[in-house]
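J.: show me how the following folds:
(chains A and B, ligands or ions: 1)
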Amino acid sequence: MAKVVLKLGDDISTDIIYPGRYMATVLPSETPQYAFADNAEFNGRLKRKEIPAGSVVVAGKNFGCGSSREQAASTLKGHELAVVARNFARIFFQNSINLGLRTIVCPGIEAEEGQDLDITPDKVINLTTGKSFPVEPLPKARQAIIDAGGLIVYTRTRVLGKTPGSAKG
Amino acid sequence: MGLTIVEKILAKAVRRPAVRAGEVVEPAVGMAMSHENAALVINQFLEIYKDTGLEPKVWDPSKIAIIFDHRVPAEGSKTATNQKKIRAFVAQQGIKKFHDIRGDQGGICHQILPENGYVLPGRVVVGTDSHTTSHGALGAFAFGIGATEMASVWALGTVLNVEVPKTIKVVVKGRFPRHVLPKDLILYLIGQLTAEGANFKVIEFHGPAIKTMSTSGRLVLCNMSVEAGATSGIVPPDAETVRYLRSEAKVKGKLDLFGPDPDAEYDRVLEVDVAKLEPMVACPHTVDNVKPVGAVRGVKVQQVVIGSCTNGRLDDLAAAARILKGKSVAKGTRMLVFPASYRIYGQALKLGYIADFIKAGAVVMNPGCGPCLGVHQGALGDGEVALATTNRNFKGRMGNPNAEVYLSSPAVAAASAIKGAITDPRKGGR
Ligand code: SF4
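T.: Numbering: from 1, shown residues only, chains lettered A, B, ... in the order given. Here you go, the predicted structure:
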């Protein structure tokens, strides 16, 4: 079970997730402090560790549009948030997979802040309303990167001349 | 059924006769570009090699380009230290396509790559910047990737798991009316497609208005294709592409020129007649909130910005200088001009544009991203409004979430600077 801690609309850009003025900060260990920095209330709750790992951000279409900054994915990964969105912008989506941020494509999702979700591989169930919404599965090649434990590990295995263990496609 | 140009480029890059939209492939990379975010790429690259006993070596230093542009000269110690770290890495790995903070070679990555001949038609170009789509102007399949993905490219020389995108064909007809520019065309298209209308797709540009458009204009179209969500924009290479590569980028040797098959399969086809187009403005806070300039005429602006990887090229500066020459920037408005590269700066200096700007009261800044990002130059005050020739107007862009950014062509921007309010250059300017 995971609680919806933030509900957002369509076209949430990387400038909202991780403002450009913090771009000189690059290390995944340092980026989490600036997650949604312009939303002082939510950023404060994250910084005070009031939001448990596994909590969910729910968004509309095109989440993560805009810049390719990987900080937008690493800042959310740092808090172990999951993002359930109607769909994602391409670069953000790829970055999330590479870094192991949980991103769930759920075109019909209906959920509000404070509600509880159960996220399974093929659907998201809103435990508060009782409704459930189908999830779009990842392409196999993407799943292989997740199964390997992220892109660093996946590429390391390739550099060592091995086929990544669980790669299927 | 034939292939789109991107299907052909990807087929070549995986050494197969054909690939089709929807397939997942691992293409060889022709050029891999990064800017200051190379600092993170280096970090992730070294991470890949950790505990392997192997020496971290990039796959081909001649295919890597690193350009300092986002925060030049450094705005603070953190950036300066990142830049220092990158310089050391570049020297150690033998990366020669490195453009440091220098007046004889600097500029914005999306101008430095084309003008130095680093982008070739028919190749796969990746960059750790979302506007890498720009390079499609030269007939390459160019798209943005994240830093960890780039680290993997540096190690392997291929991009893992690229989904062959579907393609939207845009056919552009007619002649551009006076004071209507490529920027107005792409803003109009983004308005039509919406910010996510081309998500995971490529926009292929065709038609007589593209054929007669300079590479500089094509760069504007491809640059902003990403604002409709597109993986990339692309113009099939033609005589203008060859002219640019030979005479401006000084590319020697054989060029690999091919376009899409005549019977290629498209996701959808759009037609635009530019003869009917008006100057357009993207309103806060999304790029697809596009209106004809008349709808926002009179909106007061405290800052006008001309430059960026979208509209900081010589013909953009020319369009603005023509309108500003002998006029004065309105009181209460500040105008910032930042050419896209030092080469362009030098040309504009020779042609007198820089003097025109300064005499009109504009501040001419060093080439780089500057106010576009708003990290260290040209940030906006609370409640202020800017009109910029840049490509994004998201909340928080230009350094302040409590400010508003409108986007337009250089002609609209220059005419508006004189009035201190958004102005139609067909009426307000000369
Ligand atoms: S000028 Fe602006 S959009 Fe272009 S690369 Fe720089 S920051 Fe990005």
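J.: quick one: A:Ser74 is in a helix?
T.: Yes: the assignment for A:Ser74, made by DSSP: H, G, I helix; E, B strand; the rest coil, places it in a helix.
J.: for it, give me its contacts.
T.: When the contact criterion is C-beta atoms under 8 Å, 6 or more residues apart in numbering or on different chains, the partners of A:Ser74 are A:28, A:31-32, A:99, A:101. Placement of C-beta: from N, CA and C, glycine included.
J.: what residues does chain B have near the ligand?
T.: In this structure, chain B approaches the ligand at residues B:69-70, B:108, B:110, B:129, B:131, B:308-309, B:369, B:372-373, B:390-391, judged by C-beta under 6 Å from any ligand atom.
J.: burial of the closest residue to B:Lys211 other than its chain neighbours, as a residue count?
T.: Closest residue to B:Lys211 apart from its sequence neighbours, by C-beta to C-beta, 6 or more residues apart in numbering or on different chains: B:Asp238 at 6.5 Å. Per other C-beta atoms under 10 Å in any protein chain shown, the neighbour tally for B:Asp238 reads 15.
J.: I'd say B:Asp238 and B:Thr212 touch.
T.: No: the pair B:Asp238 / B:Thr212 is not scored as a contact, 10.3 Å apart, by C-beta atoms under 8 Å.
J.: separation between whichever residue of chain A sits closest to the ligand and B:Glu115?
T.: Nearest residue of chain A to the ligand: A:Ser67, at 7.1 Å (C-beta to the nearest ligand atom). To B:Glu115, A:Ser67 is 23 Å away according to C-beta to C-beta, to the nearest Å.
J.: over to A:Lys61?
T.: Separation of A:Lys61 from B:Glu115 (C-beta to C-beta): 37 Å.
J.: starting at the chain centroid, how far to the lowest-mean-pLDDT helix or strand in chain A?
T.: Sorted by mean pLDDT, DSSP states H and E, the helices and strands of chain A end with helix A:140-148, the least confident at a mean of 85. How far helix A:140-148 lies from its chain's middle: 15 Å, per C-alpha atoms, centre = their mean, to the nearest Å.
J.: that one near chain B at all?
T.: Yes: if you take C-beta under 8 Å from any C-beta of the partner chain as the test, helix A:140-148 does meet chain B, through A:140-142, A:144-145.
J.: most neighbours among these, which one is it?
T.: A:Ile145 (26 neighbours).
J.: and for B:Gly103, the neighbour number?
T.: 10.
J.: enumerate every residue touching the nearest residue to it once chain neighbours are set aside.
T.: With sequence-adjacent residues excluded and distances taken as C-beta to C-beta, 6+ apart, B:Gly103 is closest to B:Tyr342, at 5.3 Å. B:Tyr342 makes contact with B:102-107, B:367 under the criterion C-beta under 8 Å, 6+ apart.
J.: correct me, but B:Phe45 touches B:Pro56?
T.: Yes: in this structure, B:Phe45 is within contact of B:Pro56 by C-beta under 8 Å, at 6.2 Å.
J.: related to what we said a few turns ago, so which of the contacts of B:Tyr342 wins on neighbours?
T.: B:Gly107 leads these on contacts (other C-beta under 10 Å) with 28 neighbours.
J.: with adjacent residues omitted, what lies nearest to that one?
T.: Per C-beta to C-beta, 6+ apart, closest to B:Gly107 is B:Ser341, 2.7 Å.
J.: from chain A, how far out is the one you found?
T.: 21 Å (C-beta to the nearest C-beta, to the nearest Å).
J.: and for B:Lys173?
T.: Taken as C-beta to the nearest C-beta, the span from B:Lys173 to chain A is 30 Å.
J.: same question, B:Val126
T.: 10 Å.
J.: in the chain, which spans are helices?
T.: In the absence of a named chain, this looks at chain A. A:14-17, A:40-47, A:71-78, A:90-99, A:140-148, A:151-159 (DSSP state H).
J.: that's the wrong chain, I wanted chain B
T.: Going by DSSP H, chain B shows helices at B:5-13, B:38-49, B:77-93, B:109-115, B:147-156, B:182-193, B:208-211, B:215-225, B:239-243, B:308-311, B:314-324, B:342-350, B:353-360, B:410-419.
J.: alright, calling it a day.
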